[in-house]
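Asks: show me how the following folds:
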Amino acid sequence: MIWRKEDIVKLEKRYRAAFINSINGFKSANLIGTRGIEVNTNLSIVSSLIHLGSNPALLGLVFRPDSVERHTLENIRSTGFFTANHVHAELIDRAHQTSANYPKDVSEFDACGIKLEYIENFFAPFVKESKIKIGLQFEEEHKLMNDTVLVVGSVHLVEFPDNALLQDGFLDIEFAETAAISGLDSYHTTKSLRRLSYATTDKDPVVIQSAPSA
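Replies: Here you go, the predicted model:
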């Protein structure tokens, strides 16, 4: 089956959204924690957190058009801080519920039964149950051609399980049971196949880490 641009444009709105949100494969599942100037906290699940650079360490977060209230985006703009908290299997149902349209004065931490914590006086709240937590500071934002907003954040703090960090600096997120998202509402656990050596033109890659035995 082949669908061309003109076919996709004709699809019903929700059907098209489900389809297009599925075509780019597995995405990360993160809960974005923020708080406002008046200390009200907010938590929202996203699948749009992306790596932008390692030096300086930057992550990007894409928001839908801000033509309506976007509490997370508003808090990031007003305070300059946010957190990204990996979702694991036991957290999936509660994490998904944060996508509901709660009023601004209702904290998704409370409404969805998720515990809040602060780490080393970092301004934005973290998810206590999460095993990998990232504290970010707002650096800049860019409006894209479809009016979505790309927010760039610099990494200021990372908390993770000691035994998830390998000798070469690789953070084993599968060991931490981090979940993935496909589409808008499908959650997955992962199975590592292998890690391969740095690719060069003069030789084939070799396996540097095999999948653990079942």
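Asks: in this protein, which spans are strands?
Replies: 27-28, 30-35, 41-46, 49-54, 57-63, 81-86, 116-117, 126-127, 133-143, 149-159, 180-182, 186-188, 194-196, 207-210 (DSSP state E).
Asks: residue closest to the middle of the protein?
Replies: N30 (3.4 Å; CA atoms, centre = their mean).
Asks: wait, isn't that residue in contact with L43?
Replies: No. Under the criterion of CB atoms under 8 Å, N30 makes no contact with L43, lying 10.6 Å away. Every residue, glycine included, has its C-beta placed from N, CA and C.
Asks: which residues does stretch 85-103 contact?
Replies: 28-33, 43-45, 108, 111-114, 126-127, 129-134, 173, 176-179, 185, 187, 189 (CB atoms under 8 Å, 6 or more residues apart in numbering).
Asks: C-alpha coordinates for that stretch, PDB please?
Replies: C-alpha atoms of stretch 85-103 as PDB (Å, rounded to 0.1, in the frame of the first residue of the first chain):
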ATOM      1  CA  ASN A  85      11.400  12.100  33.900                       C
ATOM      2  CA  HIS A  86      11.500   8.700  32.200                       C
ATOM      3  CA  VAL A  87       8.400   6.600  32.400                       C
ATOM      4  CA  HIS A  88       8.700   3.000  33.300                       C
ATOM      5  CA  ALA A  89       6.200   0.100  33.100                       C
ATOM      6  CA  GLU A  90       4.700   0.500  36.500                       C
ATOM      7  CA  LEU A  91       4.100   4.200  35.900                       C
ATOM      8  CA  ILE A  92       2.500   4.000  32.400                       C
ATOM      9  CA  ASP A  93      -1.200   4.300  33.300                       C
ATOM     10  CA  ARG A  94      -0.800   7.200  35.700                       C
ATOM     11  CA  ALA A  95       1.600   8.900  33.300                       C
ATOM     12  CA  HIS A  96      -0.900   8.600  30.400                       C
ATOM     13  CA  GLN A  97      -3.600  10.100  32.500                       C
ATOM     14  CA  THR A  98      -1.600  13.400  32.700                       C
ATOM     15  CA  SER A  99      -2.600  14.000  29.100                       C
ATOM     16  CA  ALA A 100      -6.100  14.800  30.200                       C
ATOM     17  CA  ASN A 101      -7.100  18.400  30.000                       C
ATOM     18  CA  TYR A 102      -7.000  19.400  33.700                       C
ATOM     19  CA  PRO A 103      -7.500  23.100  34.700                       C
END
